[in-house]
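Undergrad: sequence-free structure coming up:
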């Protein structure tokens, strides 16, 4: 048995499979007889010394985590400032680590978390408590550098592709006398990865989605309307996948440009209704629009098997790297072959990942700006492959688990996070 | 082999399982060696003599229909006027039936379609072409009289219950520092059946959804806001299921009251954003909202097994009734036991179903107006039981089928539907 404890924390927006990573961390550490604590609500819990004792969770509950969406220990959107700006916070963290004999810290998040993890790994030694820090990848945005993909993305991608296919069959059935334009708004404020995944629903020419609106391509109203009209005239209806991050030529979010509610506030979070009303006003077509919001990133019932497997694999590797003495690395997914699709996990330095952003390659967007290319399809398709459904109960609902979340006894004085 | 042909038509909004009914009709008729024609785009296709020859569809395609959402032959929202108002239309239908030796007409729809089916059964004899008409139940609205439930409803109910459970796990993970109120808008303009189904996600006290807003209960802003606040204070977050049909005390749809877009139009189809902005303005909570729209009624990937089985059973029974000489009836679902859940199919006179509407019983809404009762749960729960996933391809998408849809040769002059 290795001495010391391992601390695991979830960071940022949660996903359908982040708990699979948590399950892997705990199961792998248990096998190595290393006790795992989990920060309650992410790094905030680490600062406040709110540490969940996972050794008190049953084996069955931990196994069930693998199929449960959301973040089982709680997460937060909170980025530590630089060491120069807020040294006290880093000192507090190290104090908590010391008090609980924490030797390994696994931080499960995106770009910001990789940066925080890197800083913590640097300061530990300086403050006399060397701590090995491993970043663990997670984000539906698929924008982490180095790794081929990010756990969480494949499942959103599958949800969006399946939903586009299903809703389009519905619209197609009725288009002769009813709805002619259907718009689905998907996540991805800065990059069109999720919007691009909607393109996987189309397998043959004429298949929906007929138009994808990427945040990378400035919205051109006249061109968009012309394409909607020609699609309706040719196919009978038009399915549009619109990224929430769609901007006009001036760089303003469409969701914020123009629509105000009864209170005079800008209406946020709805590019789909803005587009729908534009279509109605200019072309007169009957429309429907959908905005699945959190449904898309929590739909564990429709998770991609590839994604769920990779989420588990990075958690397992993270513990193995920690126990093997690695520091300031992240297990990343390396694609070794497109067809057949093959991948492996390798360690990559956090310094190469922190604060970088992987953009959607230009070569993934078709020349007209409204579709995906063969290269995009080659990259995306393996990520939505395979199903990994949760177990359902007699009541017809998935058997999702809630943990006990018992906190370990505090050893330090209370701590107030000043900038919250 | 019986003489004559059977005509099948889909009517009104489609569902995740209406094609299971179509598969049952075709497979049952094939076994009895009765050829099936299907009207293209519902009754409009029957009037226009656009008849799809299902005998040219392969056995495999018909079998795959059972797991394919949407309406494979097309549907429409078009109600025939009364015989007195538009006798010519009925005469045209009978002419088409005569020309193609159609002896049996199966009309797969809701209240309106039951009414149309009844009228057609009456006029056939009068015009010298006796036709047996069987109504086949279908509607996500669950508002057909006599039948215990309506094929299509159980699958929407399951989708909504699962989505509420999943998205709430997401919100719960982040609520300490992020979104505190999540609102999901569901279908059901006139009755709260689908909203009620959202309540199935809650299995223990405190479970989401915390508030259901029914069209049957006038929206009380102050009471709603007080409940949202007390839920957030107690549970940490609040999940709200809102029916699109929610109205204020004056009887106006909330989705239409108050919000205007940049063009000055009333914003339609969004009670969720209206509620979200109210919460933000009055309580200051961070919110998210989802509006799954067609996704909920086309989500064949998450269909209820009970629902899919019943959709198939009514299609099979409809053909059996037709061939056994029944007329002007509908196969309805009769519940013979709640626990264990048991059901059977029986014929019921269309006259008892046409133009009636089954309301959500008062006893299904909890006294405070925001939840469902034990009676509601007893009724609803069996309807979402069981899973019946489609087959998925190597590409990670369900293997949904598109039919060939070859039309039979016309025998009559073209016909213009005047009021379209």
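TA: Happy to help now that I have it. Worth saying up front: this structure is predicted, and the values here are computed from it rather than measured.

Undergrad: Average pLDDT for the longest helix along chain A, rounded please.
TA: Ranked by number of residues, the top helix in chain A under DSSP state H is helix A:153-174. On average, the pLDDT along helix A:153-174 is 98.

Undergrad: do stretch A:381-394 as well
TA: 97.

Undergrad: same check, this time on stretch A:231-243
TA: On average, stretch A:231-243 scores 98.

Undergrad: so does it get close to chain B?
TA: No: remark: stretch A:231-243 sits outside contact range of chain B, by Cβ under 8 Å from any Cβ of the partner chain, the gap being at least 9.6 Å. The way it works is simple: take the backbone N, C-alpha and C, and place the C-beta from them, glycine included.

Undergrad: Ends of that stretch, what's the gap?
TA: 19 Å (Cα to Cα, to the nearest Å).

Undergrad: what's stretch A:23-30 in contact with?
TA: A:6, A:8, A:35-36, A:54, A:57, A:62-63, A:65-66, A:106, A:108, A:136, A:311-316, A:318-320 (Cβ atoms under 8 Å, 6 or more residues apart in numbering or on different chains).

Undergrad: Sitting in helices, which of the residues you listed do you find?
TA: A:62-63, A:65, A:311-316, A:318-320.

Undergrad: Put together CSV for these, with neighbour count, pLDDT and distance to chain B on each row.
TA: Shown next, in CSV, are the ones in helices among the contacts of stretch A:23-30 (neighbours: other Cβ atoms under 10 Å in any protein chain shown; pLDDT from 0 to 100; distance: Cβ to the nearest Cβ, whole Å):
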residue, neighbour count, pLDDT, distance to chain B
A:62, 22, 98, 16
A:63, 13, 98, 17
A:65, 25, 97, 11
A:311, 31, 98, 15
A:312, 23, 98, 18
A:313, 19, 98, 18
A:314, 28, 98, 19
A:315, 31, 98, 17
A:316, 19, 98, 22
A:318, 31, 98, 20
A:319, 27, 98, 22
A:320, 17, 98, 26
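
Undergrad: okay, the residues you listed in a markdown table with distance to residue A:115 next?
TA: As requested, those are exported to a markdown table (distance: Cβ to Cβ, whole Å):
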| residue | distance to residue A:115 |
| --- | --- |
| A:62 | 29 |
| A:63 | 32 |
| A:65 | 27 |
| A:311 | 21 |
| A:312 | 25 |
| A:313 | 23 |
| A:314 | 18 |
| A:315 | 20 |
| A:316 | 24 |
| A:318 | 17 |
| A:319 | 22 |
| A:320 | 23 |
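
Undergrad: Let me know the closest of the residues you listed to residue A:270.
TA: Closest approach to residue A:270 among the ones in helices among the contacts of stretch A:23-30 (Cβ to Cβ): residue A:311, at 30.2 Å.

Undergrad: wait, doesn't the closest one sit right on residue A:151?
TA: Yes: shown here, residue A:311 and residue A:151 form a contact pair, counting by Cβ atoms under 8 Å, at 3.7 Å.

Undergrad: Which positions within stretch A:391-399 qualify as buried?
TA: A:392, A:396-398 (16 or more other Cβ atoms under 10 Å in any protein chain shown).

Undergrad: Then stretch A:130-147?
TA: A:131-147.

Undergrad: what about that stretch, how long is it end to end?
TA: First-to-last residue span, stretch A:130-147, Cα to Cα: 27 Å.

Undergrad: Please name every helix or strand in contact with the longest helix of chain A.
TA: Secondary-structure packing of helix A:153-174 (3 or more Cβ pairs under 8 Å, 6 or more residues apart in numbering or on different chains; DSSP states H and E): strand A:181-186, helix A:193-198, strand A:238-243, strand A:287-290, helix A:294-298, helix A:305-323, helix B:294-298.

Undergrad: Give me the distance from it to the chain's centre.
TA: 19 Å (Cα atoms, centre = their mean, to the nearest Å).

Undergrad: likewise stretch A:129-142?
TA: 14 Å.

Undergrad: does chain B sit close to that stretch?
TA: No: judged by Cβ under 8 Å from any Cβ, stretch A:129-142 and chain B are separated, with a smallest distance of 10.7 Å.

Undergrad: so where's chain A shaky on pLDDT?
TA: A:1-2, A:257-269, A:420 (pLDDT under 70).

Undergrad: Helices along that one, start to end?
TA: Using DSSP H, helices in chain A cover A:18-31, A:43-47, A:59-65, A:87-99, A:111-126, A:153-174, A:193-198, A:221-235, A:271-283, A:294-298, A:305-323, A:374-380.
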